[in-house]
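A.B. asks: Predicted model and sequence follow; I will ask about them next.
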Amino acid sequence: MQTLTLVMGQINPVVGDVAGNVNRIIESANQAKQQHNADLVVFPELTLSGYPPEDLLLRPGLLKRVRKALSTLASKLDNVAVLVGHPAGDAESGLYNSASLIDDGKVICTYHKQQLPNYGVFDEKRYFVEGDNATVFDFRGINIGITICEDIWFQEPAARAKVAGAELIVNLNASPYRVGKWPLREAEVNKRVSETGLPVIYVNQYGGQDELVFDGYSFAINAAGEKVAQAPALEFGLFPVSIKRDASGALSLSGTLCEPEEELSTIYKALTLGLKDYIEKNHFPGVVLGLSGGIDSALTMALAVDAIGAEKVHAVMMPSRYTSQMSLDDAKLMADGMGVKYSIISIEPTFNAFIDSLADEFNGLPTDTTEENIQARCRGILLMALSNKTGSMVLSTGNKSEMAVGYSTLYGDMAGGYSPLKDVYKTLVYELSHYRNQQSMVIPERIITRPPSAELAEDQLDQDSLPDYAVLDKILQRYIADQRCFEDLVDEGYDAEMVARVIKMVDRNEYKRRQAPPGIRISSRAFGRDRRYPITSGYTVTSTIE
Ligand SMILES: Nc1ncnc2c1ncn2[C@@H]1O[C@H](COP(=O)(O)OP(=O)(O)OC[C@H]2O[C@@H]([n+]3cccc(C(=O)O)c3)[C@H](O)[C@@H]2O)[C@@H](O)[C@H]1O
Ligand SMILES: Nc1ncnc2c1ncn2[C@@H]1O[C@H](COP(=O)(O)OP(=O)(O)OP(=O)(O)O)[C@@H](O)[C@H]1O
Ligand SMILES: NC(=O)CC[C@H](N)C(=O)O
């Protein structure tokens with residue numbers, strides 16, 4: 001009776017850092033050998049280049065480094081076999097999204113991905129050509145078929161591997177997280193298991209890469225469709241799956257099943273990891289943000305402290321004549337409570353200097369949002385100055401509801417390098433704040449209960465300019481994620497005038513989003529790679545064809 005230990009290498013590759021990824025693979029493979037007596041360690045899709053490498057793939061230099069890396073791995077890994085993902089070939093002869101088995105000091109075989117995703121955040125057809133063959137290798141007497149990520153979402157690649165003699169399918173993934181993704185993945189894998197009668201081992205990377213966050217959550221399903229191994233989400237780990245051939249010749253798989261976490265906890269963890277990796281992979285010493293006593297900056301600060309530690313976070317309260325005592329008190333309470341460096345810089349002198357400079361030009365004109373925006377821009381300038389001087393990156397605090405309708409100031413509160421809440425609707429901002437306080441009380445209760453206000457004018461409330469967030473977010477979800485049109489939303493019972501107004505605001509503010517910092521994608525359609533609308537567009541909510 002044969003037994004094989006396959007280890008799911010849930011690692012966090014860095015895009016473009018081929019040498020670093022080689023070290024990550026070697027370290028993890030040796031650790032898997034020591035801790036689990038691994039025979040084979042399976043790593044994620046495009047392990048060597050990281051995912052998605054985007055136009056780095058157009059650089060011959062990257063491909064040269066990857067070829068060198070494969071021979072380095074072969075020469076350095078002498079007691080454990082690995083299956084690693086990498087780009088193969090070149091632009092002239094065809095570039096493939098591939099995976100190679102390295103065993104006994106050499107590359108034994110290479111598989112080319114057959115299904116290339118080209119929708120949503122993926123654009124693999126820009127770089128790769130499709131493979132058209134199964135690759136099945138005999139590993140210590142067990143025939144293993146290779147598939148890569150999108151392959152498992154289609155019938156053909158697994159079916160071909162079965163025809164080529166596979167008894168087990170391994171699937172190397174770079175599958176980004178979004179709310180509701182887990183059941184979809186499992187359902188697809190289960191379809192392949194029932195179509196082929198073969199067990200599937202699904203290995204995913206974890207970690208943040210610009211606007212994507214990968215959740216890992218690797219798993220294994222046996223030939224009967226039962227989940228036998230489940231790795232935790234959003235963290236590193238080497239997870240063994242033991243594969244035995246029984247007396248009848250069938251394979252049985254066993255491993256450890258971790259309990260799934262609550263959705264809010266997973267979202268919070270995904271945001272923290274995405275933020276941490278953006279900061280650390282871009283080598284920032286810390287972050288600086290405007291802390292206003294409002295809920296968006298409060299949640300952003302909590303995420304930043306949880307991501308990189310209080311000592312690397314600097315909160316700046318920048319009061320104006322419209323800032324309430326409540327805001328001043330709550331911001332300080334929160335900053336002190338979380339132990340972050342806290343500064344107070346009044347924007348009154350800067351604001352007055354701008355108003356004085358513009359006095360002649362503005363003579364006789366009424367006060368309007370111009371003055372509101374100048375306040376937001378004073379804050380942006382001060383934060384960017386602190387960033388320039390200290391090297392810390394500015395966190396932008398806008399949420400998805402605001403980004404959708406353009407309720408933010410260009411070069412003002414939109415200033416910054418990264419925007420953790422960019423894909424988080426305001427209603428979810430509240431839920432996440434409650435969730436975080438349940439773990440330990442960090443956001444003063446009043447910040448959560450007070451009505452949202454930009455405090456850019458006397459007695460100003462967000463709800464004076466915008467529909468109630470509970471309604472707004474539902475309309476936005478239907479219009480943005482679900483692509484429903486004006487008529488659909490009216491049929492669903494929303495007030496026609498309100499829907500038209502919201503849609504107009506969303507459409508009109510594409511230009512702002514195009515200039516916004518990147519942020520972590522947690523939904524099925526985030527602003528960014530997922531949603532590419534023209535700025536200049538004659539397509540309006542009311543236009544009809546006669
Ligand atoms: N298609 C287009 N392509 C390129 N640029 C375009 C454009 N359309 C307008 N513009 C330009 O954009 C400018 C308008 O944008 P901008 O200057 O940002 O200002 P605007 O959108 O007019 O006003 C900002 C709004 O956000 C609110 N706000 C500000 C700050 C914080 C918060 C909060 O609660 O978090 C809310 C504020 O109360 C106000 O209602 C125009 O002056 C025009 O030059
Ligand atoms: N007084 C202030 N001091 C420091 N930063 C501020 C101040 N007012 C606004 N900002 C910055 O500008 C951002 C946008 O302001 P805004 O007041 O709309 O958001 P918020 O206070 O975080 O949340 P809310 O929308 O619930 O009021 C804030 O998140 C904060 O980063
Ligand atoms: N890298 C890929 O092929 C990812 C595509 C896949 N459908 C996923 O997100 O899980």
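C.D. replies: Right, received. Where do you want to start? Ligands and ions are numbered 1, 2, ... in the order given.

A.B. asks: CA atoms for contacts and neighbours, from now on please.
C.D. replies: Fine.

A.B. asks: Can you give the domain ranges for this structure?
C.D. replies: The chain is divided into the following domains under automatic domain parsing: 2-260, 285-460.

A.B. asks: Please state the offset of the last one from the chain centre?
C.D. replies: The offset between the C-alpha centroid of domain 285-460 and the centroid of the whole chain comes to 23 Å, using CA atoms, centre = their mean, to the nearest Å.

A.B. asks: Give me the distance between the two termini of it.
C.D. replies: End-to-end span of domain 285-460 (CA to CA, to the nearest Å): 36 Å.

A.B. asks: Switch the domains of the chain over to CSV; also include mean neighbour count and mean pLDDT.
C.D. replies: Output for the domains of the chain, formatted as CSV (neighbours: other CA atoms under 10 Å; pLDDT from 0 to 100):
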stretch, mean neighbour count, mean pLDDT
domain 2-260, 20, 97
domain 285-460, 19, 97
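
A.B. asks: of these, which approaches Arg531 most closely?
C.D. replies: domain 2-260 (7.3 Å; CA to CA).

A.B. asks: Now do the end-to-end distance for the closest one.
C.D. replies: Per CA to CA, the first residue of domain 2-260 is 31 Å away from its last.

A.B. asks: that older thread, for the domains of the chain, give me CSV that also has distance to Leu273.
C.D. replies: CSV is the format used below for these (distance: least, CA to CA, whole Å):
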stretch, distance to Leu273
domain 2-260, 6
domain 285-460, 7
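
A.B. asks: Please name whichever of these is nearest to ligand 1.
C.D. replies: domain 285-460 (3.4 Å; CA to the nearest ligand atom).

A.B. asks: coming back round to it: dump the domains of the chain into a markdown table; add distance to ligand 2 as well.
C.D. replies: As requested, the domains of the chain are exported to a markdown table (distance: least, CA to the nearest ligand atom, whole Å):
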| stretch | distance to ligand 2 |
| --- | --- |
| domain 2-260 | 20 |
| domain 285-460 | 3 |
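
A.B. asks: For the stretch 351-500 of the chain, give the residue positioned nearest to ligand 3.
C.D. replies: For the stretch 351-500 of the chain, CA to the nearest ligand atom, closest residue to ligand 3: Ala481, 16.2 Å.

A.B. asks: mind checking the backbone torsions on the nearest residue to that residue once chain neighbours are set aside?
C.D. replies: Excluding the flanking residues, the one nearest Ala481 by CA to CA, 6 or more residues apart in numbering is Arg525, at 5.1 Å. Note on Arg525: backbone dihedrals following degrees, to the nearest 10 are phi -150, psi 100.

A.B. asks: The residue of the stretch 351-500 of the chain closest to ligand 3 contacts Ile522, correct?
C.D. replies: No. Ala481 lies out of contact with Ile522 (CA atoms under 8 Å); the separation is 11.7 Å.

A.B. asks: more crowded one of the two?
C.D. replies: Between Ala481 and Ile522, counting by other CA atoms under 10 Å, Ile522 is the more crowded of the two (25 against 16).

A.B. asks: who's in contact with that one?
C.D. replies: When contacts are counted by CA atoms under 8 Å, 6 or more residues apart in numbering, Ile522 touches 177-179, 213, 267, 270-271, 423-424.

A.B. asks: can you rerun that using 6 Å?
C.D. replies: Ile522 makes contact with 178-179 under the criterion CA atoms under 6 Å, 6 or more residues apart in numbering.

A.B. asks: ok, now how distant is the residue of the chain positioned farthest from its centre from Pro87?
C.D. replies: Distance from the centre of the chain peaks at Gly364, with 48.5 Å (CA atoms, centre = their mean). In this structure, Gly364 and Pro87 are 64 Å apart, going by CA to CA.

A.B. asks: Repeat that for Ile381.
C.D. replies: Distance from Ile381 to Pro87, by CA to CA: 42 Å.

A.B. asks: do the same with His283
C.D. replies: If you measure His283 against Pro87 using CA to CA, the figure is 26 Å.

A.B. asks: do Ala166 as well
C.D. replies: Counting by CA to CA, the separation of Ala166 from Pro87 is 24 Å.

A.B. asks: same thing with Ala298?
C.D. replies: Distance from Ala298 to Pro87, by CA to CA: 42 Å.

A.B. asks: Kindly report the same for Leu428.
C.D. replies: Distance from Leu428 to Pro87, by CA to CA: 38 Å.

A.B. asks: again with Lys191
C.D. replies: 28 Å.

A.B. asks: do Glu45 as well
C.D. replies: For Glu45, the distance to Pro87 - CA to CA - is 9 Å.

A.B. asks: how about the residues of this structure near ligand 3?
C.D. replies: Taking CA under 6 Å from any ligand atom as the measure of proximity, the chain contacts ligand 3 at 117, 149-150, 173-176.

A.B. asks: Nearest to Ile243 among the residues you listed?
C.D. replies: For these, the nearest to Ile243 is Asn173 (20.4 Å; CA to CA).

A.B. asks: show me the contacts for that closest one.
C.D. replies: Asn173 neighbours (CA under 6 Å, 6+ apart): 44-45, 149, 203-204.

A.B. asks: Using a markdown table, lay out those residues together with secondary structure.
C.D. replies: A markdown table is the format used below for these (DSSP: H, G, I helix; E, B strand; the rest coil):
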| residue | secondary structure |
| --- | --- |
| Pro44 | coil |
| Glu45 | coil |
| Cys149 | helix |
| Val203 | strand |
| Asn204 | strand |
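
A.B. asks: Let me have the residues you listed in a markdown table, extended by distance to Val305.
C.D. replies: Below are the contacts of Asn173 laid out as a markdown table (distance: CA to CA, whole Å):
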| residue | distance to Val305 |
| --- | --- |
| Pro44 | 29 |
| Glu45 | 31 |
| Cys149 | 33 |
| Val203 | 30 |
| Asn204 | 27 |
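
A.B. asks: What strand or helix carries the residue in the stretch 401-546 of the chain that ligand 3 sits nearest to?
C.D. replies: At 10.4 Å from ligand 3, Ser524 is the closest residue in the stretch 401-546 of the chain, using CA to the nearest ligand atom. For Ser524, there is no host helix or strand (DSSP states H and E).

A.B. asks: neighbours around it, how many?
C.D. replies: By other CA under 10 Å, neighbour count at Ser524 equals 17.

A.B. asks: So it versus Thr390, what's the distance?
C.D. replies: 36 Å.

A.B. asks: Over to Asn373?
C.D. replies: 26 Å.

A.B. asks: Mind listing the residues bridging to Leu95?
C.D. replies: Gly89 (DSSP bridges).

A.B. asks: Enumerate every residue touching it.
C.D. replies: Applying CA under 6 Å, 6+ apart, we find Leu95 in contact with 88-89, 128-129.

A.B. asks: switch to 10 Å and redo it
C.D. replies: Applying CA atoms under 10 Å, 6 or more residues apart in numbering to Leu95 gives the contacts 57-58, 63, 87-89, 112, 127-131.

A.B. asks: How much space separates it from Leu48?
C.D. replies: 15 Å.

A.B. asks: for Lys33, same thing?
C.D. replies: Separation of Lys33 from Leu48 (CA to CA) stands at 20 Å.

A.B. asks: Tell me who's in contact with Glu371.
C.D. replies: Residues near Glu371 by CA under 10 Å, 6+ apart: 351, 354-355, 377, 456-457.

A.B. asks: Now it: phi and psi?
C.D. replies: The phi/psi pair for Glu371 (degrees, to the nearest 10) reads phi -70, psi -30.

A.B. asks: Check whether Val490 sits in a helix, strand or coil.
C.D. replies: helix.

A.B. asks: Tell me where the stretch 251-400 of the chain has strands.
C.D. replies: 251-254, 287-290, 313-317, 341-344, 393-394 (DSSP state E, counting those that start in this stretch).

A.B. asks: Quick one: closest of the ones you listed to Arg160.
C.D. replies: Closest to Arg160 of the strands of the stretch 251-400 of the chain is strand 251-254 (CA to CA; 19.2 Å).

A.B. asks: Show me what the closest one is packed up against.
C.D. replies: If contacts are counted by 3 or more CA pairs under 10 Å, 6 or more residues apart in numbering; DSSP states H and E, strand 251-254 sits against strand 3-10, strand 219-221, strand 227-230, strand 237-245.
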